[in-house]
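Chemist: Provided below are the primary sequence and the corresponding predicted coordinates.
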Amino acid sequence: MGAKFTCGLNSKEHRYISEHIADIMEKLAPLYRHHLCSNLLTHMRNKHIEPTEPRPLIQCPDVVAHAEIMLEGTLPQYLEGIWTHHHLQVTNSFTVESRDTKEVFEGGWGCKTELVLSGCQICTSIQEHRKLVDDMCQHITGKSDGKLACWDCPTAFPVFIQHPYCAPVCLATASFHEQTQWANILRAATQHQSSGLPLDSPESRAFLDAVWTLKRLRGNSQAMVHLISNEEEVLVSIVMEEVMSYLKEEVYQRIIVHHSRRKQAWIKLLSEVYRMARQQVKAAMAVLRRELSLYRSDVERQISVKLQEAGLLQDHIAHTITEDLCEPMLQSLLQTIIPRLDRTLQEVATPICDGFASTWQYFLVTCDDIIELGSKSSSVKDIKKEVLTPLGGLGPGDGRMWQCLNKLELSLEGRAWLQETWGVHSGTWKPLVVKAQSALYKVVDVCAVMFWRMVSRYPCFSLNSSELVDVLCRVKDRVVKHLDTELLALRSQLILEMILHITLPAFVHSVGEKDLSRYDGIISSEQAIFIHPDIILRSILRDNLSYYIQSAMKYSLPQQFVPLSVSPSSTCSSSFVFSKPMYHELLPPDECQHYLCQTSDGSASEYETLTPSTMSNRNDTLANLENLENITPSVFDGGEYIHLIEP
């Protein structure tokens, strides 16, 4: 009955998908070069204006508290369709390696499979995993209640690893404690691998800009980029998005299989396409990176010769574009952004503030536990180890820490509202939540290491307990002060980034396409390599939207780590009480330029974040707002007060 169980691609389908991947890579290459040149100009101008780089928000600490292997064990594992005993290791760099015990015995320790956890979800019950599988198979209608083989776990304590496009992996742990330990460590590894591309180089910024442009050119209305893992994973996600309808409507329809195995057939098909796409994209990106490495050297030489001239021209174009777009941007803000920004800020900021407040409180409780241990210490022998023991509880396997991090998740009602209002789905907000969780954990880990180092360097271990308590209190004060600074900056950065990611496509669409051909005559052929009006235009749109969101955030977010106060009268499930923000007066286009707030000369500031260093340099990111003589009414009430900036 339905004996033909052919889930693999035939030659025609294989060729179609290969050609689709090749087409994406062919169109990406010139866009990547296009944006790389522009980002190099901005990078070199910023470096010329400010030779010293600001310190990063999160400094990676030396490995102190963790061993080379964070967790390992031999246990039954469901991988590639079968149950076998595997030795699993999670390294301190969150690499997850699986080794079949038989293969290791025959071929040595080098025989391993590295599990890709980017974009994965970890769960510990069949019911939870069934929901994840149902989400993958939403298009499968009719009776399809067959169970997956991985659900026949040989123990009562499974840990499921579900990739959005791959077959599930299941670990059969021996106890509830072991299940919790593995689940938490694997969640930490998933966050680390999924926390997004770094924006610390012109190449990575140019890549994301190029992908954004590529998605718009290919007709993707929700043209934001999924900030996952690495460049290959971002491109593979685009491939899978674009071929999904083809797989559902063409390939899957020819598969003849019993209804109880239809979901397994779909998952197997997705896995094959994902592996194929990943392999081809990886090979194509390796070639493209080599080409761009040589190309970058040539462009940098050309820019260095014409840096000052190019900077002045870039500023002139930005100024002119802003004059032309002043009225459309104002109208877009009034009609598209403002009516929905209040609720958007509520849905995003409420869980983030709650998660940060819980994590901050947990760290303080841990510090107090250390001080209490110090007050009870009667022997100086091994006192360092004894007193600092609670710091080990802040590791990635700690359940209490995960309770704090899980509070960053958006509410079900919030997700539904964001999808209905802005058209965003889990692929948009989920990577940002994961990135927020990962960043929050890193800040706490840095502060734990700082506490450990400061105490360990004190020559206090020949002193009595009261003197030790005094030292611990002083260390706590210094570490908590550092923690407060970092967390306040990180919280603002994450909220801004998430709201911007959600709202920018609608803002760009609302402003509309603009004819930029008028600038062709003033840009020489040499300058045309790295000065692009279309990129300057997008930077202006992003900067103005960012500035406006920051204005709302400044007067809405608490400056302490407390959950946002809930307004019971509001219909919003996660609403909180906003203080009334102040806004600049809406100026007519001919007067707008006189009052523009200037960022760095001609630089695209779209990647600037609210780090402590940049905050202190500005005395506050939005301190100029406080210089207003009169507090104007809330723009959410009348929509009459807006101010634009120019990059």
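Modeler: Perfect, thanks for sending it. Residues are numbered from 1 along each chain as shown.

Chemist: list the buried ones in stretch 27-34?
Modeler: Using 16 or more other Cβ atoms under 10 Å as the test for burial, stretch 27-34 gives 28-29, 31-34. The C-beta positions use only the backbone N, C-alpha and C, and glycine is treated the same way.

Chemist: tell me which residues in the helix or strand where Asp543 lies are buried?
Modeler: In the assignment (DSSP states H and E), Asp543 maps to helix 533-554. Residues of helix 533-554 classed as buried by neighbour count (16+ other Cβ under 10 Å): 533, 535-554.

Chemist: out of the buried residues of stretch 27-34, who's nearest Glu242?
Modeler: Of all the buried residues of stretch 27-34, Leu28 has the smallest distance to Glu242: 12.7 Å, by Cβ to Cβ.

Chemist: and Arg478, its phi and psi?
Modeler: Backbone geometry at Arg478, expressed as degrees, to the nearest 10, gives phi -70, psi -40.

Chemist: excluding chain neighbours, give the residue nearest to it in space.
Modeler: Leaving aside its sequence neighbours, Arg478 sits nearest to Met454 (Cβ to Cβ, 6 or more residues apart in numbering; 6.9 Å).

Chemist: count of neighbours near that neighbour?
Modeler: Using other Cβ atoms under 10 Å, Met454 has 16 neighbouring residues.

Chemist: for it, give its distance to Arg474.
Modeler: Met454 sits at a distance of 9 Å from Arg474 (criterion: Cβ to Cβ, to the nearest Å).

Chemist: which residue ranges form the strands in the stretch 201-350 of the chain?
Modeler: Assigned by DSSP state E, counting those that start in this stretch, the strands in the stretch 201-350 of the chain number zero.

Chemist: ok, back up a step: as JSON lines, the buried residues of stretch 27-34 with distance to Val257 and secondary structure would be great.
Modeler: Formatted as JSON lines, the buried residues of stretch 27-34 follow (distance: Cβ to Cβ, whole Å; DSSP: H, G, I helix; E, B strand; the rest coil):
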{"residue": "Leu28", "distance to Val257": "36", "secondary structure": "helix"}
{"residue": "Ala29", "distance to Val257": "39", "secondary structure": "helix"}
{"residue": "Leu31", "distance to Val257": "40", "secondary structure": "helix"}
{"residue": "Tyr32", "distance to Val257": "41", "secondary structure": "helix"}
{"residue": "Arg33", "distance to Val257": "45", "secondary structure": "helix"}
{"residue": "His34", "distance to Val257": "46", "secondary structure": "helix"}
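
Chemist: from those, pick the one nearest Ile82.
Modeler: Leu28 (37.4 Å).

Chemist: could you tell me which residues within the helix or strand harbouring the residue nearest to Arg478 count as buried?
Modeler: According to DSSP H and E, Met454 maps onto helix 426-457. Neighbour counts over helix 426-457 (16+ other Cβ under 10 Å) mark 428-452, 454-455 as buried.

Chemist: measure how far that helix is from the centre of its chain, please.
Modeler: Distance of helix 426-457 from the chain centroid (Cα atoms, centre = their mean, to the nearest Å) equals 13 Å.

Chemist: for it, packing partners?
Modeler: Contacts defined by 3 or more Cβ pairs under 8 Å, 6 or more residues apart in numbering; DSSP states H and E place helix 426-457 against helix 176-194, helix 338-376, helix 383-387, helix 399-406, helix 412-422, helix 465-511.

Chemist: hmm, 7 Å instead?
Modeler: Judged by 3 or more Cβ pairs under 7 Å, 6 or more residues apart in numbering; DSSP states H and E, the packing partners of helix 426-457 are helix 176-194, helix 338-376, helix 399-406, helix 465-511.

Chemist: okay, those in a markdown table with mean pLDDT next?
Modeler: Formatted as a markdown table, those follow (pLDDT from 0 to 100):
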| stretch | mean pLDDT |
| --- | --- |
| helix 176-194 | 90 |
| helix 338-376 | 90 |
| helix 399-406 | 88 |
| helix 465-511 | 90 |
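
Chemist: can you redo the ones you listed as CSV with distance to Pro558?
Modeler: Converted to CSV, those look like this (distance: least, Cβ to Cβ, whole Å):
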stretch, distance to Pro558
helix 176-194, 26
helix 338-376, 7
helix 399-406, 17
helix 465-511, 10
